[in-house]
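>>> sequence and computational prediction follow.
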Amino acid sequence: MSISPRVYAVDGKFTGQQKDVYDLVHEAYKASVAMCRPGTQWRDVHMKSARVIAEGLQQWGIWKSSVDAALESGAISVFYPHGVGHLVGLKVRDTGHPENVNPQSYYGARLRVDLELKENYLITVEPGCYFARAFIEDQEIREKYKDHIQWSEAEKWKSFGGVRLEDDILITKGEAESLTNVVPK
């Protein structure tokens, strides 16, 4: 079992921005886990989590363009730069079956796993939303996504950092089982 990252408020209570981002990532997490069933393509789980986060960012005025355009352009990767998870096996981060890993980018993220979920697979679900100063201030990134990101709005969040929630999920015949859910979120 891996150690699952959690985010806690230092003084026991989130600020408004912190709570908003935490709640958004938690929604992406729940939507992702709900999809973890045999027969589901892992890329679809990632794309669902990215859409949930992109829709939240739209509510905060981050996008100039539509959610669909922001996703298709890869602009979501500025705020969600990694895939939704990876297999857990002999290595902490198994890539799965190398012959099944598609090098294609899904909304700007390179997935470490691209396969159909099967019963007894153990996989992490770890969506995140970040406001990394290095990305927000990067002039090449700003130019690349100038038609999609409202940079003045993104600037308002850059001191925040980000949130990621992770659990180890066992794929079962029915609902997926979290093996690390005993750790409070």
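Done, it's in. Numbers count the residues shown, from 1 in each chain.
>>> all strands for this structure, in order.
Residue ranges of the strands in the chain, as given by DSSP state E, are 105-106, 109-110, 122-125, 128-131, 161-164, 167-170, 177-178.
>>> with just CA atoms, put the third one into PDB.
Backbone C-alpha positions of strand 122-125 (Å, rounded to 0.1, in the frame of the first residue of the first chain) are rendered in PDB as follows:
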ATOM      1  CA  LEU A 122      -5.000  -1.800  -7.800                       C
ATOM      2  CA  ILE A 123      -4.700   1.800  -9.000                       C
ATOM      3  CA  THR A 124      -4.300   5.200  -7.500                       C
ATOM      4  CA  VAL A 125      -6.900   7.900  -8.000                       C
END
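>>> got a list of what the spatially most central residue of the chain touches?
To find the centre residue of the chain, average its C-alpha atoms and take the closest one (C-alpha atoms, centre = their mean): that gives residue 127, at 2.7 Å. When contacts are counted by C-beta atoms under 8 Å, 6 or more residues apart in numbering, residue 127 touches 25, 28-29, 32, 49, 52-53, 80, 84, 164-165. To be clear about C-beta, it is placed using only N, CA and C from the backbone, and glycine gets the same treatment.
>>> quick revisit: now the strands of the chain as CSV including mean pLDDT and mean neighbour count?
Compiled in CSV, the strands of the chain are given as follows (pLDDT from 0 to 100; neighbours: other C-beta atoms under 10 Å):
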stretch, mean pLDDT, mean neighbour count
strand 105-106, 69, 16
strand 109-110, 74, 18
strand 122-125, 92, 22
strand 128-131, 95, 22
strand 161-164, 90, 18
strand 167-170, 94, 21
strand 177-178, 94, 16
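>>> quick one: neighbours of residue 10, just the number.
Taking other C-beta atoms under 10 Å as the neighbour definition, residue 10 ends up with a count of 7.
>>> next one: residue 21
Using other C-beta under 10 Å, residue 21 is surrounded by 27 other residues.
>>> the residue nearest to it when sequence neighbours are not counted bridge partners, please.
The shortest distance from residue 21 to any residue that is not its chain neighbour, by C-beta to C-beta, 6 or more residues apart in numbering, is 4.9 Å, and that residue is residue 163. Note on residue 163: beta-bridge partners residue 129, judged by DSSP bridges.
>>> follow-up on the earlier one: in JSON lines, list the strands of the chain along with distance to residue 10.
What follows is the strands of the chain, written out as JSON lines (distance: least, C-beta to C-beta, whole Å):
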{"stretch": "strand 105-106", "distance to residue 10": "34"}
{"stretch": "strand 109-110", "distance to residue 10": "29"}
{"stretch": "strand 122-125", "distance to residue 10": "25"}
{"stretch": "strand 128-131", "distance to residue 10": "18"}
{"stretch": "strand 161-164", "distance to residue 10": "12"}
{"stretch": "strand 167-170", "distance to residue 10": "23"}
{"stretch": "strand 177-178", "distance to residue 10": "26"}
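>>> what's next to the longest helix seen in the chain, contact-wise?
The helix spanning the most residues in the chain, taking DSSP state H as the definition, is helix 16-35. Contacts made with helix 16-35 from outside it, assessed by C-beta under 8 Å, 6+ apart, are listed as 7, 9, 14, 44-46, 48-50, 52-53, 56, 60, 84-85, 125-129, 157, 160, 162-165, 167, 169, 176, 178, 185.
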